[in-house]
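Novice: build me a model from this:
(chains A and B)
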2 protein chains.
Amino acid sequence: MPAPEAPPGSGTAFEVDDELVRNVGVLVDEGQRGMVLNLVADLRPADLARIVAHLPLADARTLFDWIPSEQTADVLPELESALRGDLLDDLTSPEIAALLDQLETDDQADVLGDLAETDSAMADAVLPQLEDAADVRQLLTYGDETAGGLMSTEYVAVLETATVAEATEEVRRLAETLDDVYVVYTIDARGCFVGFVTLKRLLLAPSRTPLAKIAETDVVTVEADLDQEEVARIMERYDLIALPVVSANGHLLGRITIDDVVDVIREEAEEDLQRAVGITGDEEISSSIFAVSRGRLVWLLLGLGGAYISGLVIVGFEDALQVAPVLALFIPIVMAMAGNAGIQSSAIAVQGLASGDIWRSDLVRRIGKELGVALINGLVLSVALALIVVASGFGDDTSRLALTAGLALMVVIVLSTLVGATVPLALSRIGIDPALAMGPFITVSNDILGLTIFFAVATVLYL
Amino acid sequence: MPAPEAPPGSGTAFEVDDELVRNVGVLVDEGQRGMVLNLVADLRPADLARIVAHLPLADARTLFDWIPSEQTADVLPELESALRGDLLDDLTSPEIAALLDQLETDDQADVLGDLAETDSAMADAVLPQLEDAADVRQLLTYGDETAGGLMSTEYVAVLETATVAEATEEVRRLAETLDDVYVVYTIDARGCFVGFVTLKRLLLAPSRTPLAKIAETDVVTVEADLDQEEVARIMERYDLIALPVVSANGHLLGRITIDDVVDVIREEAEEDLQRAVGITGDEEISSSIFAVSRGRLVWLLLGLGGAYISGLVIVGFEDALQVAPVLALFIPIVMAMAGNAGIQSSAIAVQGLASGDIWRSDLVRRIGKELGVALINGLVLSVALALIVVASGFGDDTSRLALTAGLALMVVIVLSTLVGATVPLALSRIGIDPALAMGPFITVSNDILGLTIFFAVATVLYL
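Specialist: The predicted structure follows:
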């Protein structure tokens, strides 16, 4: 909604900002209901949700109470689940049911599913009061992160023997409840999915044409239990805006729209990044301090254990350090380089496996390439380190120290790059999520490996 | 294309796998053109592209040469740019132009833009031979990562005074060249963008209705120079499947479809992850060894410099290490914990800023929350470390060592968590990409900070 006075096409005209939130907050505190409703009347649901998310909880509750129920309903799916739970806390089950009735069934199921996690009694009370209770109950039986969990039951489906005119009538009948219709699905007499007719074809074809003559039947479909990442990959790969979901025997169960999948892609990407830095679970901005702490602690504790082993390696070479204390200078360098080189190559392997660009069978080809990269980078970094050592100057030992450090670093970088590149592929082969390799795990194990190599090389060459 | 014998809805029926690639490879080597063409005839472009990407380059060239030009054209936008460049190398400029003519203008511009980077003479030769040379030339003037770079010039636009019947005729006229039409855009007499009519409304409205009566005019539009990340965020936030792009004075320039934006979201997510692990540029699976090496070396060299400083910190406390060599045990622990805690909180800050969930003004609130998390995690980890020390047993010094290590770790975790959380927000405030904070930068600076704190605490409490 660019305001009438804003230039059309201004990318910022619909930005919700600090100032708007502050104004709404102040007006809410002052009880200026009318002014607040005016301010937020034309906001899109996603923008109103952002305001709600940035207000103090008490203000958010008041605002939520003031806005018309249609707007409240539209905002619900846009909120993070923790905050949504807090806001729904104030409402009775008939009130929640009335709100949900204004949403599509997939959103109803999502909201209700989240609610069940914090207040299952309330969720149980709301469900039977919904208009589409049966559909929603069915949707709730599918796993949260599956095609069934993403699909809605709002779609247009007609017999393939129907005519264009009959299909158009069906679109008209459902037009009220269906916002985004792009295609009409066709089914056979047994109710099995056959194909689809785009609205463009429906619009252009003569009204007596049977749909079977103009339907597209070479259609990608998925089953309800397919993982949502796989769903996203399929819609992305084939540039689909809607994807029919069918049962094992071919009955049409629902459809997934691209907007829901875009959210999945974003969520999965955020999850990947979080896993790469060692956060488990799914940390949201509105997560409680304890939830955040728990999600971060798992890997920190494992990292603590691993680092203790690294420490034992160093202490194991205590004699070497007593003889040549300067070796301590290289401990952080070896750790940083082993960790970084390993996490770089592991991230690429994990990404490639996730996108389908790398196949498990590519192992040998990947190792060859990563070896090439590691040799180049190892050489550059080793020379750089040797030059730093020479420039710093360590008396008579300088050249021997430069040689030792450079050579050790070379070996460390090659090995840790290869470990980083191969572990994800190995994990994937034995059916373990390769992303696990990307977390602090690879850093910690490469630290241990790197320190051992460094001190071993130093013992042989330098002492 | 689930094959006729495959159960409908099978998620694997359209999977391209190793075996298919091997078979194609063998048949290509044997010169079995007919059999190869049969095998790949029904493949979707994205699947054929994956086969091409997994074949040895020589086989890929042959396959590319064999398949019908329509299929070749459709595969082009699906390939990684490096591989596409290799394959186009064999063709003449009229051949390339003929292929591009079968694509939409945004894809033509993308392919040509990539080509210009490696072979600008060829790109210059191809451009004037295109049917839509003027449109493509215009599209090429927009930045690669802007709304203009994403949009295509294929859309249906009619005067708002036109009737439903006239608009339908215009859809019919363009139906051949436009695959995915969801809406008809309306413009005023000056050619300025006004709004849109969905095909659903066009289908259901009486044929004499003027579009102005049924058009949606509360429409989000963007200008051509808007960054693609912002475009993605807008389409995602408002659940759009197409987004009109307008000029500063309101003229309709093109439209962006959600499938292109899905690719942007994926790319940006991959880029974020790569930056988080210290890879600059955009490493693709088909990137050359030298390109990969260069992209990874930048941060490794910076990391080497930073780690050298960490090393100097340790050497600076050489006396302490000579007196109490056991302190070396804690060097990897301090480094791992400082690095991990910092990168966790910085990743959340960067993610929140990118998604718009965290605003720059949230600094104080964020610090408060991160402080809470850091205190809890610091306490748990410090106690864990103290217990490990006690369990390991270090003679008379055990309890003093446990206290020293625990206390130092507590301080290190709190400080490095806060550094990780605040640096991205600070960078964002002064207009620098906050994602820069997430790379090895935060790990390295926290290493230096952590080691200094640890040895300072140890000097005071333990020596």
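
Novice: and stretch A:451-463 with chain B, contact?
Specialist: Yes: contact of stretch A:451-463 with chain B (Cβ under 8 Å from any Cβ of the partner chain) involves residue A:451. Using the backbone N, CA and C atoms, a C-beta is placed for each residue, glycine as well.

Novice: residues touching that stretch, excluding its own?
Specialist: By Cβ atoms under 8 Å, 6 or more residues apart in numbering or on different chains, the surrounding residues in contact with stretch A:451-463 are A:310, A:313-314, A:316-317, A:320, A:323-324, A:327, A:330-331, A:334-335, A:338, A:397, A:400-401, A:403-404, A:407-409, A:411-412, A:415, B:332.

Novice: might you list the low-confidence residue ranges for chain A?
Specialist: A:1-15 (pLDDT under 70).

Novice: show me how it divides into domains.
Specialist: Here the domain parsing of chain A from automatic domain parsing is A:20-146, A:157-258, A:289-461.

Novice: looking at the ones you listed, which is buried most?
Specialist: By mean neighbour count, with neighbours taken as mean count of other Cβ atoms under 10 Å in any protein chain shown, domain A:289-461 ranks first of the domains of chain A at a mean of 21.

Novice: so the closest residue to residue A:102 other than its chain neighbours, which state does it fall into?
Specialist: Taking Cβ to Cβ, 6 or more residues apart in numbering or on different chains, and ignoring the residues beside it in sequence, residue A:102 has residue A:73 as its nearest neighbour in space, at 3.9 Å. Under DSSP: H, G, I helix; E, B strand; the rest coil, residue A:73 falls in the helix class.

Novice: residues contacting the closest residue to chain B within the stretch 51-200 of chain A?
Specialist: Of all residues in the stretch 51-200 of chain A, residue A:199 sits closest to chain B, at 4.0 Å by Cβ to the nearest Cβ. By Cβ under 8 Å, 6+ apart, residue A:199 lies in contact with A:171, A:181, A:182, A:183, A:184, B:182, B:199, B:200, B:203.

Novice: measure it to residue B:182 for me?
Specialist: Separation of residue A:199 from residue B:182 (Cβ to Cβ, to the nearest Å) stands at 8 Å.

Novice: and for these two, which residues touch both?
Specialist: Both residue A:199 and residue B:182 are contacted by A:182, B:199, under the criterion Cβ under 8 Å, 6+ apart.

Novice: what ranges do the strands span in the stretch 151-300 of chain A?
Specialist: Secondary structure of the stretch 151-300 of chain A (DSSP state E, counting those that start in this stretch): strands at A:157-159, A:183-187, A:193-198, A:222-223, A:242-246, A:252-257.

Novice: now those in CSV, with distance to residue B:290?
Specialist: Shown next, in CSV, are these (distance: least, Cβ to Cβ, whole Å):
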stretch, distance to residue B:290
strand A:157-159, 54
strand A:183-187, 47
strand A:193-198, 46
strand A:222-223, 40
strand A:242-246, 40
strand A:252-257, 42
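
Novice: quick one: closest of these to residue A:56.
Specialist: strand A:252-257 (34.3 Å; Cβ to Cβ).

Novice: neighbouring contacts of that closest one?
Specialist: Contacts for strand A:252-257 (Cβ under 8 Å, 6+ apart): A:106, A:139, A:147-148, A:150-155, A:157, A:180, A:185, A:187, A:191-193, A:222, A:224, A:231, A:235, A:241-247.

Novice: please identify which of the strands of the stretch 151-300 of chain A is closest to residue B:132.
Specialist: Nearest to residue B:132, of these and by Cβ to Cβ, is strand A:193-198 at 23.7 Å.

Novice: give the other helices and strands that that closest one contacts.
Specialist: Applying 3 or more Cβ pairs under 8 Å, 6 or more residues apart in numbering or on different chains; DSSP states H and E, one finds that strand A:193-198 contacts strand A:183-187, helix A:211-214, strand A:242-246.
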